[in-house]
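S.K.: Just to be clear, the model below is a prediction. Sequence and coordinates:
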Amino acid sequence: MPATPNSIKLIGGNSHPELCEKVSKKLGLSLAKVGAFQYTNKETAVAVGESVRDEDVYIIQTGCGEQDINDFVMELLIIINACKIASARRITAVVPNFPYARQDKKDKSRAPITAKLMANLLQTAGCNHVITMDLHASQIQGFFRVPVDNLYAEPSVLRYITNNFDKKDLIIVSPDAGGAKRVASIADKLDVQFALIHKERQKANEVSRMVLVGDVSDKVCILIDDMADTCGTLCKAADILLDNGAQKVVAMVTHGIMSSNATEKLNNSKLDRIVCTNSLPLNDKLAQCPKLEVIDIAPTLAEAIRRLHNGESVSYLFNNIPE
């Protein structure tokens with residue numbers, strides 16, 4: 001049942017217009033007349049074209065782009081603040097890919113915890129609630145003093161695997177030790193084996209050595225990760241798995257960042273295909289990479305918005321896909 005148009009306002013940022021349109025269509029609501037643009041000196045400005053007084057406002061803006069991510073972060077903060085000043089009742093930021101999520105801990109001397117800074121910025125701007133998906137580290141929820149709903153792509157991943165693969169040939173693989181818990185959960189629900197790859201990094205985004213833990217002989221390997229940035233890890237992992245007797249390797253990730261020459265790497269890799277959600281815009285990547293497939297998460301985001309607005313439980317979406 002669609003949300004009540006008179007009490008909810010849905011605002012789409014400029015980071016992912018296609019996803020905004022899909023969510024609005026699922027909810028049966030039009031996007032509010034709120035525009036964000038840049039002056040010639042690159043300052044971001046916002047024009048609110050209709051009243052949001054005493055409204056429940058949802059702002060959809062994902063953290064994406066090689067060069068635009070900071071512009072989109074500022075755009076989100078300014079839209080939130082504009083709605084707060086315009087007397088919105090509650091403001092929820094719907095951020096499928098949370099920006100700076102990888103900078104979630106002080107892993108070396110004098111390192112900033114930028115994910116905590118992002119949380120502070122959102123709250124200072126006037127955000128009352130956050131909806132995100134597959135946070136790189138779940139402790140980021142604790143950086144906020146406001147509620148955070150961390151949705152999961154797992155139900156969509158499970159349905160894709162069930163519909164496209166024979167379980168008796170499958171093994172689920174984590175490309176690093178950090179993703180072992182995520183992979184174990186999926187393997188348990190599918191009732192299949194899992195393996196993991198231990199990787200050592202000399203510096204960020206550059207893997208120096210990988211070691212396989214587990215037997216993948218004559219198996220179809222499903223590599224599961226939360227994000228694919230430069231895709232170096234996934235490509236090297238595919239080589240390791242095939243060298244150890246795997247039939248083929250398919251990668252499934254939530255956030256397809258695909259920065260730098262990632263699509264070229266994927267095209268030249270031994271991966272059979274890579275499947276990711278549309279939490280980030282992928283139009284140009286789809287054209288460049290025939291191996292790329294997309295799972296639509298708009299129904300999950302739309303249902304989360306509807307449930308939050310109507311005061312219903314959001315945890316239903318942790319294990320189910322809305323139709």
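M.R.: Right, received. Where do you want to start? Numbers count the residues shown, from 1 in each chain.

S.K.: so what strands line up beside the host helix or strand of V94?
M.R.: Element membership for V94, per DSSP states H and E: strand 90-95. Applying DSSP bridges, strand 90-95 is found paired with strand 56-60 (parallel), strand 129-133 (parallel).

S.K.: and of the ones you listed, who's closest to I222?
M.R.: strand 129-133 (19.2 Å; Cβ to Cβ). Heads up, the C-betas are built off the backbone N, CA and C, glycines and all.

S.K.: quick one: that closest one to chain centroid distance?
M.R.: 10 Å (Cα atoms, centre = their mean, to the nearest Å).

S.K.: so for that strand, what's the average pLDDT?
M.R.: Average pLDDT, strand 129-133: 98.

S.K.: CA-only coordinates of it in PDB, if you can.
M.R.: Output in PDB follows, covering the C-alpha atoms of strand 129-133 (Å, rounded to 0.1, in the frame of the first residue of the first chain):
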ATOM      1  CA  HIS A 129      17.500   8.900  10.700                       C
ATOM      2  CA  VAL A 130      19.700   7.100   8.300                       C
ATOM      3  CA  ILE A 131      18.900   4.200   5.900                       C
ATOM      4  CA  THR A 132      21.900   2.500   4.300                       C
ATOM      5  CA  MET A 133      22.900  -0.900   2.900                       C
END
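
S.K.: quick one on the thing from earlier: okay if I get the strands paired with strand 90-95 as CSV plus mean neighbour count?
M.R.: As requested, the strands paired with strand 90-95 are exported to CSV (neighbours: other Cβ atoms under 10 Å):
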stretch, mean neighbour count
strand 56-60, 26
strand 129-133, 22
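
S.K.: need those in CSV with distance to V211, can you?
M.R.: As requested, the strands paired with strand 90-95 are arranged in CSV below (distance: least, Cβ to Cβ, whole Å):
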stretch, distance to V211
strand 56-60, 41
strand 129-133, 30
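
S.K.: Looking at those strands, which is nearest to K248?
M.R.: strand 129-133 (27.4 Å).

S.K.: pLDDT averaged over the next helix or strand along the chain from that closest one, what's the number?
M.R.: Where DSSP H and E defines the elements, the next helix or strand beyond strand 129-133 is strand 148-151. Per-residue pLDDT over strand 148-151 has a mean of 97.

S.K.: And strand 148-151, what does it pack against?
M.R.: Packing contacts for strand 148-151, counted by 3 or more Cβ pairs under 8 Å, 6 or more residues apart in numbering; DSSP states H and E, involve strand 129-133, helix 298-310.
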